[in-house]
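Asker: sequence-free structure coming up:
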């Protein structure tokens, strides 16, 4: 009997949800879920169609990068996921997609500006953009270095306040306390990227709302005195 059934099932369900969410084309995306106590993560196997995935297909990798369980090769993005788990101790899941509008901003080397309250409901500021990788970083441990430039970009940003990033010329990564929440954040990222794209098309000089308004929207959903939603029983 295989171990880590809980994170296998959570990881598989999240990966299988990606096509219907509109976040992925072909096999361009992956979700991982970690068990910090065990020091491992479950991640989608590389290049496998989402419809064919089962929990047993999820590859278990430790935080050092060693495959603990699994007959298939893990996603090529596994080192990036590991880097984020090690750097951001409060997250349990990472999602990487090539969702089209978010990728458009990454390819244009533009952060996604905070232009309205929908954005502020999820992200406490602009969604940041990483610097370009150097030729040396690309030639060495490329996927690990991708994680490192994300961590570098978040040196003065709380990853719980802005649970997503654009990797320059590549695409988005998002994260959260569960796989479902990480996928939700990835979907919210694509939605606000689409809104920002259209807003900037209509008004290239569009500016952020007043800080009081954006803070009101973020904190009523995420603050210590949040009022959005229902009380947990």
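Answerer: Yep, that arrived. Predicted model only: the values in this text are computed from it and were never measured.
Asker: the residue positioned nearest the centre of the chain sits in which helix or strand?
Answerer: Centroid-nearest residue in the chain, with CA atoms, centre = their mean: residue 174, separated by 1.4 Å. Here residue 174, judged by DSSP states H and E, is contained in strand 171-176.
Asker: list the helices and strands that strand packs on?
Answerer: If contacts are counted by 3 or more CB pairs under 8 Å, 6 or more residues apart in numbering; DSSP states H and E, strand 171-176 sits against helix 78-87, strand 93-97, helix 100-107, strand 164-167, helix 179-202. Backbone N, C-alpha and C define where each C-beta goes, glycine included.
Asker: ranking the ones you listed by burial, who's on top?
Answerer: Comparing these by mean neighbour count (mean count of other CB atoms under 10 Å), strand 93-97 comes out on top with a mean of 29.
Asker: residue 16: how many residues sit nearby?
Answerer: 16 (other CB atoms under 10 Å).
Asker: and the pLDDT at it?
Answerer: For residue 16, the pLDDT comes out at 93.
Asker: ok, now which ones touch it?
Answerer: For residue 16, the contacting residues are 50, 51, 53, by CB atoms under 8 Å, 6 or more residues apart in numbering.
Asker: quick check: chain neighbours aside, which residue is closest to residue 18?
Answerer: In this structure, residue 18 finds its nearest non-sequential neighbour in residue 24, 4.5 Å apart by CB to CB, 6 or more residues apart in numbering.
Asker: ok so, going back, what mean pLDDT does the strand holding residue 174 get?
Answerer: On average, strand 171-176 scores 97.
Asker: compute the inter-axis angle for that strand and strand 93-97.
Answerer: 160 degrees (axes from the mean of the first three to the mean of the last three CA atoms, to 10 degrees).
Asker: re the thing from before, which stretch among the helices and strands packed on strand 171-176 comes nearest residue 208?
Answerer: For residue 208, the closest of those is helix 179-202, at 10.8 Å, according to CB to CB.
Asker: that's all I had, so thanks and see you.
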